[in-house]
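Asks: Here is a sequence with its predicted model. Questions after.
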Amino acid sequence: MNKLSPLQMPIRLRLTLWYVLLMAVTFAAFGVFLFARFQRTLIASLDASLRVTVRQTIASFDPEEDLAENGRLAFEQTGGDAAAGFAMRLVSGQGEVWDSFGNSPADWGVTAPGYTTQKGAGDEESWRVFTQPILAKDGTGLGWLQAAQSFESVSDTLQDFRDQLLLGVPLVLLLAGLGGYFLANRALRPIQHIAATAQEITAHDLSRRLAYRGPEDEIGRLARTFDGMLERLHAAFRRERRFTGDAAHELRTPLTVLKGQIDVTLSQPRKREEYEIKLQELGTHVDRLIRLSNALLFLSRSDQNQLAWEPAALNLKDSLDVILAQIRPLAEEKGQTLQADIPAGLMVIGDPDHLTRLFLNLLDNALKYTPPAGQITVRATRALTRTEVTIHNSGPGIPAEHLPYLFDRFYRVDNARSSETGGTGLGLAIAQEIVRLHGGEMGVESEPEKGVTVKVRLPNS
């Protein structure tokens, strides 16, 4: 049977294991620290007890008188009165043992002031020995008093403490693991809900939302971010479906007309002049199909960031003059007045081909929707970081409710008029993509019967 790798484990189990591991390391470090501190405390207590006992014993002597009478010092108590694991002895200045009692260690060590630790014989416990000199009234050293205490009681206490740690820590870790798993499961429960809801969402139904009602924590932000992403995806799918449907409709209409005219033309013999007229009509529809296909191809490449982009510093006045020279005969043919106010030296950063297409689209729209004897005005001004080009036409204007949707693909304010002018509803969408590509801004202002003003702002060179 294959074992689960750590990355295949459920996240709640991984969180619990990491939590238990962290707790184990923490308890181990704390246990070692606590054991060391407890051991030092016990030894310090033992040292204090030896020191007090030795000093009290010395205080009970009259060493000079005892030496004068007996030539040696002796304890008043017998060895039978000594507590188990405790011993004392009196040693002369020359190292002769005057008296002792208790179960003494095999080796008392050197007779020097202070504490020493002596190993017991064989398996016996070590001893803690405290030595203090016995002084005459004039400060002369008369001998030594040594007290020894076995480490057996300390070792027993430490062993009991160690056993409690070894028993208690695993129990605490078990309880921590169970508690950690419970908390992890409870904390991740909203994510299970998110995952279950996400599995129910498909491209055919993006209307479902998580509708998270919990606190504004990390999971709450995740749920709201997920809902926001679904909303954007839903809007993108709606735009995509609408775009696909509109594109299919725009393509089907001229294709249907072409098919119908071809069938009618082939239904019976006709004169040469009639064939020429029909071919010219068919050519008009083919031109519309070519424009529509080119527009769709441009937008598709723009969506995929595959547009050719070769920015350079260019003189905007020179470019606009060339475009206006192409547009002016068409305006004069319709009886329209085309005015331009473009100062010299307007340098911008942009792709010449894309900018030419941008202003041709905008001026073509102005020509289409400006009535005969109307006026089209092109102005350009330079600011600190941007150059603004304004194209105003004296057409009928656009109602305010349509302004937010003018840059949507295939959106038309008046379908009937758009059909008459041969528009595809993609001109402003293409213009906006070109302006966005250049890092600029574009807007439309209009009021009924006051014309339409399109503003394009491009970064200066």
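Replies: Arrived safely, thanks for sending. All values reported here derive from a predicted model rather than from experimental measurement. Numbering: from 1, shown residues only.

Asks: Just to be sure, Ile391 is in a strand?
Replies: Yes: secondary structure of Ile391 (DSSP: H, G, I helix; E, B strand; the rest coil): part of a strand.

Asks: This structure: helices as residue ranges?
Replies: Secondary structure of the chain by DSSP state H: the helices cover 11-59, 63-70, 152-200, 218-266, 272-303, 316-333, 352-369, 415-421, 427-437.

Asks: Same list, those helices, but as a markdown table with mean pLDDT and distance to Lys137 please.
Replies: (C-beta placed from N, C-alpha, C; glycine too.) Formatted as a markdown table, the helices of the chain follow (pLDDT from 0 to 100; distance: least, C-beta to C-beta, whole Å):
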| stretch | mean pLDDT | distance to Lys137 |
| --- | --- | --- |
| helix 11-59 | 88 | 13 |
| helix 63-70 | 80 | 7 |
| helix 152-200 | 83 | 37 |
| helix 218-266 | 77 | 79 |
| helix 272-303 | 80 | 108 |
| helix 316-333 | 91 | 115 |
| helix 352-369 | 90 | 113 |
| helix 415-421 | 49 | 127 |
| helix 427-437 | 88 | 106 |
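
Asks: what about those helices, which gets the closest to Ser126?
Replies: helix 152-200 (8.6 Å; C-beta to C-beta).

Asks: want to throw the helices of the chain into a markdown table with mean neighbour count?
Replies: Output for those, formatted as a markdown table (neighbours: other C-beta atoms under 10 Å):
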| stretch | mean neighbour count |
| --- | --- |
| helix 11-59 | 14 |
| helix 63-70 | 13 |
| helix 152-200 | 14 |
| helix 218-266 | 13 |
| helix 272-303 | 14 |
| helix 316-333 | 15 |
| helix 352-369 | 20 |
| helix 415-421 | 12 |
| helix 427-437 | 20 |
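
Asks: wait, what's in contact with Lys11?
Replies: One correction, residue 11 is Ile, not Lys. 184, 188 (C-beta atoms under 8 Å, 6 or more residues apart in numbering).

Asks: For Gly395, which non-adjacent residue is spatially closest?
Replies: Excluding the flanking residues, the one nearest Gly395 by C-beta to C-beta, 6 or more residues apart in numbering is Tyr369, at 4.3 Å.

Asks: I'd guessed the one you found sits against His392; true?
Replies: No: with contacts counted by C-beta atoms under 8 Å, Tyr369 stays clear of His392, the gap being 11.7 Å.

Asks: Give the residues shared as contacts by the two.
Replies: Taking C-beta under 8 Å, 6+ apart as the contact criterion, the residues that touch both Tyr369 and His392 are Val452.

Asks: Gly109: which of the helices of the chain is closest?
Replies: helix 11-59 (13.4 Å).

Asks: Okay, and the beta partners of the nearest residue to Thr390 once chain neighbours are set aside?
Replies: Distances taken as C-beta to C-beta, 6+ apart place Arg379 nearest to Thr390, at 4.7 Å, with adjacent residues excluded. Beta-bridge partners for Arg379, by DSSP bridges, are Asp341, Thr390.

Asks: per-domain residue ranges of this protein.
Replies: The chain resolves into domains spanning 1-60+152-200, 71-150, 218-303, 312-459 when parsed by automatic domain parsing.

Asks: For the ones you listed, please prepare a markdown table with the additional fields distance to Arg208.
Replies: Listed next are the domains of the chain as a markdown table, based on distance: least, C-beta to C-beta, whole Å:
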| stretch | distance to Arg208 |
| --- | --- |
| domain 1-60+152-200 | 6 |
| domain 71-150 | 75 |
| domain 218-303 | 7 |
| domain 312-459 | 26 |
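
Asks: With respect to Arg209, which of those domains lies nearest?
Replies: Nearest to Arg209, of all those, is domain 218-303, at 5.0 Å by C-beta to C-beta.

Asks: Identify the residues contacting stretch 51-70?
Replies: Outside of stretch 51-70, the residues within contact range by C-beta under 8 Å, 6+ apart are 72-76, 88, 130, 132, 134-137, 142-143, 145-147.

Asks: make that stretch 401-418, sorry
Replies: Contacts for stretch 401-418 (C-beta under 8 Å, 6+ apart): 239, 242-243, 246-247, 250, 299, 369, 398-399, 423-426, 428-429, 432, 442, 444, 446.

Asks: Ok, stretch 262-277 next?
Replies: 278, 282.

Asks: Please look at Trp91 and Gln146 and confirm they touch.
Replies: Not quite, residue 91 is Val, not Trp. Yes: the pair Val91 / Gln146 is scored as a contact, 6.6 Å apart, by C-beta under 8 Å.

Asks: what residues are shared contacts of the two?
Replies: Thr111.

Asks: Find the nearest non-adjacent residue to Ile398, please.
Replies: Nearest-residue entry for Ile398: Ser446, 4.2 Å, with adjacent residues in sequence omitted and distances by C-beta to C-beta, 6+ apart.

Asks: what's the answer for Trp309, then?
Replies: Nearest residue to Trp309, sequence neighbours excluded (C-beta to C-beta, 6+ apart): Asp351, at 5.9 Å.

Asks: number of nearby residues for the one you found?
Replies: 19 (other C-beta atoms under 10 Å).

Asks: quick one on the thing from earlier: what's the separation between the residue nearest to Thr390 and Lys455?
Replies: Plainly put, Arg379 is 10 Å away from Lys455 if you go by C-beta to C-beta, to the nearest Å.

Asks: what's the answer for Gln280, then?
Replies: In terms of C-beta to C-beta, Gln280 sits 39 Å off from Lys455.

Asks: so how far is the first residue of stretch 392-410 from its last?
Replies: Start and end residues of stretch 392-410 are separated by 22 Å (C-alpha to C-alpha, to the nearest Å).

Asks: Could you list the buried residues of it?
Replies: Within stretch 392-410, the residues scored as buried using 16 or more other C-beta atoms under 10 Å are 392-398, 406-410.

Asks: now stretch 132-150
Replies: Applying 16+ other C-beta under 10 Å to stretch 132-150 flags 132-134, 142-150 as buried.

Asks: With stretch 449-461 instead?
Replies: Residues of stretch 449-461 classed as buried: 451-454, 456-458 (neighbour count, 16+ other C-beta under 10 Å).

Asks: before we move on, what about stretch 342-353?
Replies: Those would be 342, 346, 348-351, for stretch 342-353 by 16+ other C-beta under 10 Å.
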